[in-house]
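**Q** below: sequence and its predicted model.
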Protein chains: 4
Amino acid sequence: MIIVMKQNATAQEIQNVESKLIELGFKTHPIMGDVKTVIGAIGDKRLLNIHAISQMQGVETLVPIMKPYKLASNELQQTPTIIDLGDVKIGGNEIVVMAGPCAIENEKDFITTAVSVKNSGAKILRGGAFKPRSSPYAFQGLEEDGLKIMVAGREATGLKLVTEVVDTRDVELVNKYTDIFQIGARNMQNFRLLSEVGMTNKPVLLKRGLSATIEEWLMAAEYIIAEGNQNVILCERGIRTYETMTRNTLDLSAIPVIKEVSHLPIIVDPSHATGNWKYVPALAKGAIATGADGLIIEVHLNPPTALCDGPQSLRPERFGTLMDELRLVAQSINRTI
Amino acid sequence: MIIVMKQNATAQEIQNVESKLIELGFKTHPIMGDVKTVIGAIGDKRLLNIHAISQMQGVETLVPIMKPYKLASNELQQTPTIIDLGDVKIGGNEIVVMAGPCAIENEKDFITTAVSVKNSGAKILRGGAFKPRSSPYAFQGLEEDGLKIMVAGREATGLKLVTEVVDTRDVELVNKYTDIFQIGARNMQNFRLLSEVGMTNKPVLLKRGLSATIEEWLMAAEYIIAEGNQNVILCERGIRTYETMTRNTLDLSAIPVIKEVSHLPIIVDPSHATGNWKYVPALAKGAIATGADGLIIEVHLNPPTALCDGPQSLRPERFGTLMDELRLVAQSINRTI
Amino acid sequence: MIIVMKQNATAQEIQNVESKLIELGFKTHPIMGDVKTVIGAIGDKRLLNIHAISQMQGVETLVPIMKPYKLASNELQQTPTIIDLGDVKIGGNEIVVMAGPCAIENEKDFITTAVSVKNSGAKILRGGAFKPRSSPYAFQGLEEDGLKIMVAGREATGLKLVTEVVDTRDVELVNKYTDIFQIGARNMQNFRLLSEVGMTNKPVLLKRGLSATIEEWLMAAEYIIAEGNQNVILCERGIRTYETMTRNTLDLSAIPVIKEVSHLPIIVDPSHATGNWKYVPALAKGAIATGADGLIIEVHLNPPTALCDGPQSLRPERFGTLMDELRLVAQSINRTI
Amino acid sequence: MIIVMKQNATAQEIQNVESKLIELGFKTHPIMGDVKTVIGAIGDKRLLNIHAISQMQGVETLVPIMKPYKLASNELQQTPTIIDLGDVKIGGNEIVVMAGPCAIENEKDFITTAVSVKNSGAKILRGGAFKPRSSPYAFQGLEEDGLKIMVAGREATGLKLVTEVVDTRDVELVNKYTDIFQIGARNMQNFRLLSEVGMTNKPVLLKRGLSATIEEWLMAAEYIIAEGNQNVILCERGIRTYETMTRNTLDLSAIPVIKEVSHLPIIVDPSHATGNWKYVPALAKGAIATGADGLIIEVHLNPPTALCDGPQSLRPERFGTLMDELRLVAQSINRTI
């Protein structure tokens, strides 16, 4: 950590800061510049409440040197994490596509969709049984009945399941049915929920919060890993900006950034990012070429009748064509789907 | 609702949309413009999943006419809601100041702080027993022990209590101790938690999410009110922008906007908004002059040693001076503190 | 245009609005809903100052139906615009890569760079002679001497030139040397400069403003086209968000959106978007797969000594490898480079 | 400046960076931490292109210690700058209100407005003769005829004039008429225009850019001051965020921040910030209580007929009432209007 002192800090103030740092267990290293003094503080004290030092007389600002996330960073673990789901692995050379409807509506349609996306090459089946909706008047999901339908989809196709959990009280229940927990964007900083799924051994798909920085996102992953569950899959799904022609702004730059600072795999959700099925194929291809380890795409048999997010869902046939296109893009960067 | 058809929509497409609208229970009213056709759809169907219509062939966009929040808006209730806490009322002519430390650390300091802020004119005592922290390594709060200390603070001063609840499983517990539930910014769209506090009859201080629109914030209030609990206090605490010299950007414009569209009281948290105690007095005065119904301000006996958010906390004496200044500002707009 | 009246608007207020609309040349079409009245106003009056109507008693809001840009939209021109620079065409099946240093520093290095990027497959040579820098103390460019060096680069390679113009007073001068004018992000709403280049017949590369909406960007193009110059190339270069791990957030969603609403070609600048050469290759590939018509990439012989934007510049050999990779990605979507 | 080396940087890489720093004229000061090495570089080299160092092998990041603006900061000049316009002074204890229409439309109305705002207590008359409009089809201003009308307004009232200049070619012309140049938000980084007004001796009202950081805003002021013109008045006018219920988000936090880091006066424009006259009075009061040195407010005789920005303009009588309210707020913080 570096402590920058104010231009007019007194010798006494500088000494007080040094004493405080030493008391906290740092070795100190003052540098007297022409105008300002800075103090280097040596020691990895990520767990200390060091921000209080910024309150001391004469201190201008603190500059942390170590990243605040440790387990999610590649400072300790250099090799990429590969999530092992048996037949399916996330984070290796193969790109994994997850597909299915926003919400589970009924068993017949869900199984038809499941069979179709499997035939097109999806490896994981998505579906929502607990839906966090911005309006209390919107469809909130079928809950446990929805989970049972998902299992029927798994049985019919052999696909793995991913579904969202929104309440600490439901973690145990959802754990009985799903293969991957999904933590939605609105719950990315629901720290209790993160800890709870961290205490299971199921992989967790962690969506980036609506306006989360990449650092905050990795700190959320840290909450899960700190409980002992290393199997975190990051999911970029668009961030909030002032632009209104898409629902969110898909931040594909997050892919190379994550690859530089973390060992965790990262997938992309172009459906929620754009909110418009017409933009999904272009951005799905873009995500693959940028280096995403996978995609999660909404597919619905008849989008105009969908109970949730119809406007962003592809029909199964459009999804099939897209998968063919994605295979070519994956090949062009020496990966497979 | 208005449906705007594309420039090249066919007569058949227009008719299909009309038929669908009629089927959903709307009366339709097409207007043929020189270039585009728009269809007026009469009927208040906030509860319908009308967005599917945007998926129909030939449709360019939907324009809702009714606000998506009903109970939080002043379309039905024109008179301002006044939250009645006995001696203290929030939303009337008197401006209410809530103050106290970010986190409860120990009983002695908490009571000393409580007595001090009471003497300065605060009416409600704040303190955190459950702390949602971005790092899993940061202090997470004293939990029930913290709540007990808060009650000791109430007994010593007669001040009412406000404290955050972060997990649906804790609502019952917190309800036993607090006078006002606080829902933090990170949980503004934790819909299960909103419903849970909506099922109690305690007032709820609902902080605006880090990047929530005013509409989403009112929709979150709607979740609480829809369960039967009308006692919602909105709290503006800064939104996320690209500016880095303050932690968040305090959006004081939200005050006149809320006053125009809603009947709920609104207070301001300058401490979390700026993250810097030096900016708190200026913005506290600004908030009052702009029309806020109250403030929530962090006060700590010795900010450099605070376990949480020291840099944004005022010392008790600075808080006392600020209260004197605020009284004058309140007077200048014909209100009291 | 649709005028939404307030819930409590009086019959007289509604009539006043209708009279005003008729006076402005609209045909009116009122729809009485159960709660609110809306008035459809027929007539394409993009040029009128209709927003004043929003000020009338009883009016809640105006909803425009027509897009505010006309010449830049594909409502009138459905076929894509292809910019014809002789050998090189922008907006067709072939993807065009522009490359070169941020600033022109000296003739020898510029020509070496030019030859190298040509050999790697670039078709257009970029370089800055007038540099808009955020600090008055930073290198501001070689001005006319720089333009002369650019011409030497063109003569040595046959590549076309693109360079920025920052002042209305320089348009005539720059016009003598360049093949394409560049309007930088900071000047996207320098309307006088837009009009001035609109009065030439040279193609204009119009960078998206730092926080411009897609609509504002197309309105800026409209300024150029309205003066008679149709040859506008849009350039996405990242928008400002709260994320700090990249300089800007590259908005690749803008590609399919522009393709849907406009006939203009769109290229992408991954160098300025990310500010970090390490992220440039991934996003260059992503941009191509998403559908960009071209790229503009910074290349410098020795980035650590660059007078401007070294950190985001690729070395020529890295650029060469990238071009090979891009060719494969282009192929995978049936385009060429 | 502090250079943070990567965790795995080699001794050779560290030495290369030190050598480079010494070559650039810095004294170096390496600190070997347990995990990373950081190098302190002593010397105020704001003018050097030091960012190239971030490109060197083994470098993780650079941390500047000195502020990039020097003349605009209060590191050199501690006393507040007071702009002296004869009778009127900006930046002292008295709060100065500027008022008038968005655009000059005709002499009669302008003079009527001028007399009215003067009687209400405004000290400076605003009006636009050159209007930067997002649409090429919108009213662009009366140009020199407008400036002449402004002078008639000054003669009729004795008020000082402020008006916008949008093109380097017009600076000389506008200089003949106005008392204060206004640089609009869209031109905040039109560096040529900044330099040009910097070469005059007239005060410059510098609006914050639509998405400018406070640091960039001060760097823009630096451009003006670096040419010899110290008379810069900063004007906060709202920044771009995702919120749509106001046109921009007024950032009143900028007031205490500017007061902490700069000696320049700062005023607030609630009219452009909100885009809605109904919100102007609340935010005008808020701005004063927060510590603004002045306000600039749009006033129009008949807003529904205004050629520009009618929806945000106050009628003269409402402005008069507001001035009475503002006087009380100013008094409450020991200032006058």
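**A** Structure received. Residues are numbered from 1 along each chain as shown, chains lettered A, B, ... in the order given.
**Q** where exactly do the helices run in the stretch 201-337 of chain A?
**A** A:214-226, A:254-261, A:270-274, A:280-290, A:316-332 (DSSP state H, counting those that start in this stretch).
**Q** could you point out which of the ones you listed sits nearest A:Pro136?
**A** Judged by Cβ to Cβ, the one of the helices of the stretch 201-337 of chain A that comes nearest to A:Pro136 is helix A:270-274, at 20.3 Å. In short, each C-beta sits where N, CA and C put it, glycine included.
**Q** can you tell me if the closest one touches chain C.
**A** Yes. Residues of helix A:270-274 contacting chain C under Cβ under 8 Å from any Cβ of the partner chain: A:Ala273, A:Thr274.
**Q** with just CA atoms, put stretch A:231-248 into PDB.
**A** Presented in PDB, the C-alpha positions along stretch A:231-248 are these (Å, rounded to 0.1, in the frame of the first residue of the first chain):
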ATOM      1  CA  ASN A 231     -16.400 -23.800  -9.100                       C
ATOM      2  CA  VAL A 232     -17.400 -20.300 -10.200                       C
ATOM      3  CA  ILE A 233     -18.300 -19.500 -13.800                       C
ATOM      4  CA  LEU A 234     -18.500 -15.700 -14.500                       C
ATOM      5  CA  CYS A 235     -21.200 -14.500 -16.800                       C
ATOM      6  CA  GLU A 236     -21.100 -11.100 -18.500                       C
ATOM      7  CA  ARG A 237     -24.600 -10.000 -19.200                       C
ATOM      8  CA  GLY A 238     -24.400  -6.300 -20.000                       C
ATOM      9  CA  ILE A 239     -23.900  -3.300 -17.800                       C
ATOM     10  CA  ARG A 240     -26.100  -0.300 -17.300                       C
ATOM     11  CA  THR A 241     -25.100   2.800 -19.300                       C
ATOM     12  CA  TYR A 242     -27.000   5.800 -20.700                       C
ATOM     13  CA  GLU A 243     -27.600   4.100 -24.100                       C
ATOM     14  CA  THR A 244     -31.300   3.200 -24.600                       C
ATOM     15  CA  MET A 245     -31.300   1.400 -27.900                       C
ATOM     16  CA  THR A 246     -30.200  -1.800 -26.200                       C
ATOM     17  CA  ARG A 247     -31.400  -2.900 -22.700                       C
ATOM     18  CA  ASN A 248     -27.900  -3.000 -21.400                       C
END
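**Q** just the mean pLDDT for it, thanks.
**A** For stretch A:231-248, the mean pLDDT works out to 97.
**Q** figure out how far that stretch is from the centre of its chain.
**A** From the chain centre to the centre of stretch A:231-248 is a distance of 10 Å (Cα atoms, centre = their mean, to the nearest Å).
**Q** chain neighbours aside, what residue packs nearest to A:Ala9?
**A** Distances taken as Cβ to Cβ, 6 or more residues apart in numbering or on different chains place A:Gly58 nearest to A:Ala9, at 3.4 Å, with adjacent residues excluded.
**Q** that neighbour: how many residues sit nearby?
**A** As a burial measure, A:Gly58 scores 19 neighbours (other Cβ atoms under 10 Å in any protein chain shown).
**Q** check contacts around it.
**A** By Cβ atoms under 8 Å, 6 or more residues apart in numbering or on different chains, A:Gly58 lies in contact with A:Met5, A:Lys6, A:Asn8, A:Ala9, A:Thr10, A:Glu13, A:Ile14, A:Asn16, A:Val17.
**Q** kindly state the domain boundaries assigned to chain A.
**A** With domains defined by automatic domain parsing, chain A comprises A:2-63, A:83-332.
**Q** lowest-confidence stretch among those?
**A** Across those, the lowest-scoring stretch is domain A:2-63, with a mean of 84.
**Q** that domain: end-to-end distance?
**A** For domain A:2-63, the first-to-last residue distance is 5 Å (Cα to Cα, to the nearest Å).
**Q** what of stretch A:219-239?
**A** The straight-line separation of the ends of stretch A:219-239 (Cα to Cα) is 17 Å.
**Q** chain center to it: distance?
**A** 6 Å.
**Q** so the closest residue to A:Val35 other than its chain neighbours, which state does it fall into?
**A** Once flanking residues are discounted, A:Val35 sits nearest to A:Gln7: 5.7 Å by Cβ to Cβ, 6+ apart. In three-state terms, and counting by DSSP: H, G, I helix; E, B strand; the rest coil, A:Gln7 is coil.
**Q** for chain C, what is the nearest residue in the stretch 1-150 of chain A?
**A** Of all residues in the stretch 1-150 of chain A, A:Lys67 sits closest to chain C, at 11.0 Å by Cβ to the nearest Cβ.
**Q** in the sheet, who's paired with the nearest residue to that residue once chain neighbours are set aside?
**A** Of all residues not flanking A:Lys67 in the chain, A:Ser73 sits nearest, at 5.1 Å (Cβ to Cβ, 6+ apart). Beta bridges link A:Ser73 to A:Ser262 when assigned by DSSP bridges.
**Q** hmm, back to that, quick check on the contacts of A:Gly58: which are buried?
**A** A:Met5, A:Lys6, A:Ala9, A:Glu13, A:Ile14, A:Asn16, A:Val17 (16 or more other Cβ atoms under 10 Å in any protein chain shown).
**Q** pull the most distant pair out of these.
**A** Farthest pair in the buried ones among the contacts of A:Gly58 (Cβ to Cβ) is A:Lys6 and A:Asn16. Separation: 13.0 Å.
**Q** how far away is the residue nearest to A:Ala9 from A:Asn16?
**A** 8 Å (Cβ to Cβ, to the nearest Å).
**Q** hmm, back to that, next one: phi and psi at the residue of the stretch 1-150 of chain A closest to chain C?
**A** Backbone dihedrals for A:Lys67, given as degrees, to the nearest 10, come out at phi -70, psi 140.
**Q** isn't it right up against A:Ser262?
**A** No. Using Cβ atoms under 8 Å, A:Lys67 is not in contact with A:Ser262, being 9.6 Å away.
**Q** who touches both of the two?
**A** By Cβ under 8 Å, 6+ apart, the residues touching both A:Lys67 and A:Ser262 are A:Ser73, A:Leu218.
**Q** for chain B, what are the nearby residues on the stretch 201-337 of chain A?
**A** Near chain B, when you scan the stretch 201-337 of chain A using Cβ under 8 Å from any Cβ, you find A:209-211, A:216, A:219, A:222-223, A:226, A:240, A:277, A:303-308, A:310-311.
**Q** go again using 7 Å as the cut-off
**A** A:210-211, A:216, A:219, A:222-223, A:226, A:240, A:303-307, A:310-311 (Cβ under 7 Å from any Cβ of the partner chain).
**Q** quick one: which of those residues has the most company?
**A** A:Tyr223 (29 neighbours).
**Q** can you tell me the closest non-neighbouring residue to that one?
**A** A:Leu194 (4.0 Å).
**Q** relative to helix A:214-226, how tilted is the helix or strand containing that neighbour?
**A** Following DSSP states H and E, one finds A:Leu194 within helix A:191-198. Angle of helix A:191-198 versus helix A:214-226, following axes from the mean of the first three to the mean of the last three Cα atoms, to 10 degrees, is 50 degrees.
**Q** off-centre distance for helix A:191-198?
**A** Chain-centre distance of helix A:191-198: 14 Å, with Cα atoms, centre = their mean.
**Q** hmm, who's touching it?
**A** A:165, A:168, A:171, A:181, A:183, A:187, A:204, A:220, A:223-229, B:132, B:166-167 (Cβ atoms under 7 Å, 6 or more residues apart in numbering or on different chains).
**Q** list the buried residues of it.
**A** A:Phe191, A:Arg192, A:Leu193, A:Leu194, A:Ser195, A:Glu196, A:Val197, A:Gly198.
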